[in-house]
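Student: Fold the stuff below for me.
(2 chains)
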Number of protein chains: 2
Amino acid sequence: MQRQTRQIDEGKPRENGGIRVVPKPANAQVIPPILLDLDGTLVDSVYEHVMSWREALEEAEIRLPHWKIHRRIGMSGKLFLPTLLRELGQKINKSEIESIERIRLSLFMKKIPEIRVQPGAKEFLQYLVKIGARWAVATSGDRKQVEQLLKDLEIPPEVPVITGDDVSIAKPAPDSFVAAAQRLGVSAVESIVIGDSPWDLLAAQRMKALGVGLLCGGYAESELERAGAYRVYEDPGDLLAHIEELGIQTE
Amino acid sequence: MQRQTRQIDEGKPRENGGIRVVPKPANAQVIPPILLDLDGTLVDSVYEHVMSWREALEEAEIRLPHWKIHRRIGMSGKLFLPTLLRELGQKINKSEIESIERIRLSLFMKKIPEIRVQPGAKEFLQYLVKIGARWAVATSGDRKQVEQLLKDLEIPPEVPVITGDDVSIAKPAPDSFVAAAQRLGVSAVESIVIGDSPWDLLAAQRMKALGVGLLCGGYAESELERAGAYRVYEDPGDLLAHIEELGIQTE
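Tutor: Numbering: from 1, shown residues only, chains lettered A, B, ... in the order given. I've put the predicted structure just below:
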């Protein structure tokens, strides 16, 4: 190919020997915004959620096997309870759901001291800070339990955390991730949504963001891929070890 | 097609109008032997196993996330612990494994009163009795915990129950299922193995039996299919509702 002569036009990127030379933007502009789920993604809390729901439901004399609850964690309880009870041919009213939810929350709060951060979660968040990424956490949990779960993650106070209390429509609707993008002042569509459940990935699809799945909530790779995950990693540590696969280049 | 004249030859099945007439065998001969896993398959105990392992490992200052333990339940602990620790770059000796296993067993025994039978499990076993099927239970659990778990299932005393104490090589090796077939005096190859984990289905493949998967242990359909499940049902109740799909016809 013939070498082009240098041309500098006002308002266009400089071209130098056929290579487009664009002014290097600040890191924050080249790194896509990162929107993170919390339960199962950053903290290993899914199994404690399953146990708490199962116990709370038993107190209300509703018997559901663990696996059916597990596969709805990440959805709001207000949404998944009517679905599961419909399968059993049972109906449930709003005040019963609220009462089960109250019992569940108190059972879950007692288990929080046992909950650990996911492998590599802290390192991944420290990396996001280091590279100057714009990132936020979006969960369907209520603020009380979320505050407890966030403790060990050492999230800087300026990072937005959207809880179930901040949006009227919970996951798998994309509202909480969209609210997180708005709080950051970034485009939801250009964001990367990282979550451990198909509900996060459904939300990502509905908001036209890129979805990335993590196995550490207990779903299978195929379930996350089928729900739209571009890539599936074991946990935040494994994701960090493959960060270039998301098109994030910082060095 | 022209109608054949009736021919009766000694030693051959009678033919009648082109239709082979064979003497109708007893039900026990036409129904394939059924070899059943216990944990996750007949009782909803997988999540309690996961929690017990995680707690026991933490006491030994080994931190493993729930999902990695979950995906090894159904394998013997002696097999899965070295595998998981190899991933962490740690080694473990036989006496440490035995000490963790002792703690785990005592934690698990305390959780047994919370464990329920899987939906439809009793009805499925009653059905097997009713149709005169030859069936057995084969698990990698030790006899002490197995006896507790079997209590609510009302298994007739003549039904063989093979535990981890009865075989020297645990699942996913096929030995426990093969021992169950031997105890029944049936062909392992002609049996149907029913389990909730890929380890059961690997065992079924290695013994050349037909494998059927159940979702009620928390694995995904695709994981069970990939491990060789001919069909996957939600739980024993769902299997019973589709029993003809296994070629079991009793009426």
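Student: Could you grab the helix/strand/coil label for A:E98?
Tutor: helix (DSSP: H, G, I helix; E, B strand; the rest coil).
Student: and chain A, which residues reach chain B?
Tutor: A:44, A:46-47, A:50-51, A:54-55, A:63, A:65-67, A:70, A:114, A:116, A:118-119, A:215-220, A:222-223, A:235 (CB under 8 Å from any CB of the partner chain). Placement of C-beta: from N, CA and C, glycine included.
Student: Only whichever of those are buried, select them in PyMOL.
Tutor: Buried members of the residues of chain A next to chain B, defined by 16 or more other CB atoms under 10 Å in any protein chain shown, are picked up in PyMOL with:
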select buried, chain A and resi 44+46+47+50+51+54+65+66+67+70+116+118+119+215+216+217+218+219+220+222+223+235
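Student: Mind checking which of the residues of chain A next to chain B are in helices?
Tutor: A:46-47, A:50-51, A:54-55, A:66-67, A:70, A:222-223 (DSSP state H).
Student: Out of those residues, give me the two with the largest separation.
Tutor: For those, the farthest-apart pair by CB to CB is A:E55 and A:S222; their separation is 29.8 Å.
Student: Strands of the stretch 1-150 of chain A, residue ranges please.
Tutor: For the stretch 1-150 of chain A, applying DSSP state E, counting those that start in this stretch gives strands covering A:14-16, A:19-21, A:34-36, A:135-138.
Student: Adjacent strands (with direction) for the last one?
Tutor: Going back to what we said before, that points to strand A:135-138. Strand A:135-138 has the following sheet partners, assigned by DSSP bridges: strand A:34-36 (parallel), strand A:161-162 (parallel).
Student: Can you point out the buried residues in it?
Tutor: Buried-residue list, strand A:135-138, by 16+ other CB under 10 Å: A:135-138.
Student: Name the residues that touch it?
Tutor: Identification of contacts with strand A:135-138 by CB atoms under 8 Å, 6 or more residues apart in numbering or on different chains yields A:33-38, A:42, A:125, A:128, A:150, A:155, A:159-162, A:176-177, A:179-181, A:183-184.
Student: please redo it, this time with the cut-off set to 7 Å
Tutor: The contact list for strand A:135-138, computed with CB atoms under 7 Å, 6 or more residues apart in numbering or on different chains, reads A:33-38, A:128, A:155, A:159-162, A:176-177, A:179-180, A:183-184.
Student: again with stretch A:224-241
Tutor: Against stretch A:224-241 from outside (CB under 7 Å, 6+ apart): A:42, A:118-121, A:123-124, A:127, A:198, A:201-202, A:204-205, A:210-216, A:221, A:242, A:245, B:65.
Student: What distance separates the opening and closing residues of that stretch?
Tutor: End-to-end distance for stretch A:224-241: 20 Å, by CA to CA, to the nearest Å.
Student: Identify the residues contacting A:L64.
Tutor: Applying CB under 7 Å, 6+ apart, the residues near A:L64 are A:54, A:57, A:84.
Student: same question but for A:G211, I mixed them up
Tutor: Applying CB under 7 Å, 6+ apart, the residues contacting A:G211 are A:193, A:200-201, A:204-205, A:228-230.
Student: same thing but at 8 Å, please
Tutor: Counted by CB under 8 Å, 6+ apart, A:G211 has contacts A:192-193, A:195, A:200-201, A:204-205, A:227-230.
Student: and if you look at A:K151?
Tutor: No contacts exist for A:K151 under CB under 8 Å, 6+ apart.
Student: In a strand, it, correct?
Tutor: No - A:K151: not assigned to a strand; according to three-state DSSP it is helix.
Student: how much space between it and A:V117?
Tutor: The spacing between A:K151 and A:V117, counted by CB to CB, to the nearest Å, is 10 Å.
Student: can you check A:R102 too?
Tutor: Between A:R102 and A:V117 the computed distance is 27 Å (CB to CB).
Student: what about these two, which has more around it?
Tutor: Taking neighbours as other CB atoms under 10 Å in any protein chain shown, A:R102 and A:V117 compare with A:V117 leading, 22 against 11.
Student: Touching, that one and A:L42? I think so.
Tutor: Yes - the pair A:V117 / A:L42 is scored as a contact, 6.5 Å apart, by CB atoms under 8 Å.
Student: Between the two, which contacts overlap?
Tutor: Contact criterion CB under 8 Å, 6+ apart; residues shared by A:V117 and A:L42: A:L153.
Student: ok, the contacts of A:G211 vs chain B, which is closest?
Tutor: Distance to chain B, by CB to the nearest CB, is smallest for A:A227 among the contacts of A:G211, at 11.5 Å.
Student: any idea how far A:E58 is from that closest one?
Tutor: From A:A227 to A:E58 the distance is 29 Å (CB to CB).
Student: Can you point out the buried residues in stretch A:143-155?
Tutor: Applying 16+ other CB under 10 Å to stretch A:143-155 flags A:145-146, A:148-150, A:153, A:155 as buried.
Student: I meant stretch A:123-135, not that one.
Tutor: A:124-125, A:127-128, A:131, A:133-135.
Student: again with stretch A:172-183
Tutor: Those would be A:172-181, for stretch A:172-183 by 16+ other CB under 10 Å.
Student: which residues sit against that stretch?
Tutor: Under CB under 8 Å, 6+ apart, the answer for stretch A:172-183 is A:33, A:35, A:74-75, A:79, A:136-140, A:160, A:162-164, A:166-170, A:187-188, A:191, A:193, A:198-200, A:202-204, A:206-207, A:209.
Student: among those, which ones are buried?
Tutor: Neighbour counting by 16+ other CB under 10 Å classes A:33, A:35, A:74-75, A:79, A:136-140, A:160, A:162-164, A:166-167, A:170, A:188, A:191, A:193, A:198-200, A:202-204, A:207, A:209 among the contacts of stretch A:172-183 as buried.
Student: Tell me where chain A is predicted with low confidence.
Tutor: Within chain A, the stretches with pLDDT under 70 are A:1-29, A:251.
Student: and the gap between the most centrally placed residue in it and A:G213?
Tutor: Nearest residue to the geometric centre of chain A (CA atoms, centre = their mean): A:D37, 2.1 Å. Separation of A:D37 from A:G213 (CB to CB): 10 Å.
Student: what is in contact with those two at once?
Tutor: A:195-196, A:200.
Student: nearest to B:E98, of the residues you listed?
Tutor: Using CB to CB, the shared contacts of A:D37 and A:G213 come closest to B:E98 at A:D196, 33.4 Å.
Student: Which residues are in contact with that closest one?
Tutor: A:37, A:39-41, A:46, A:74, A:213-219, A:224.
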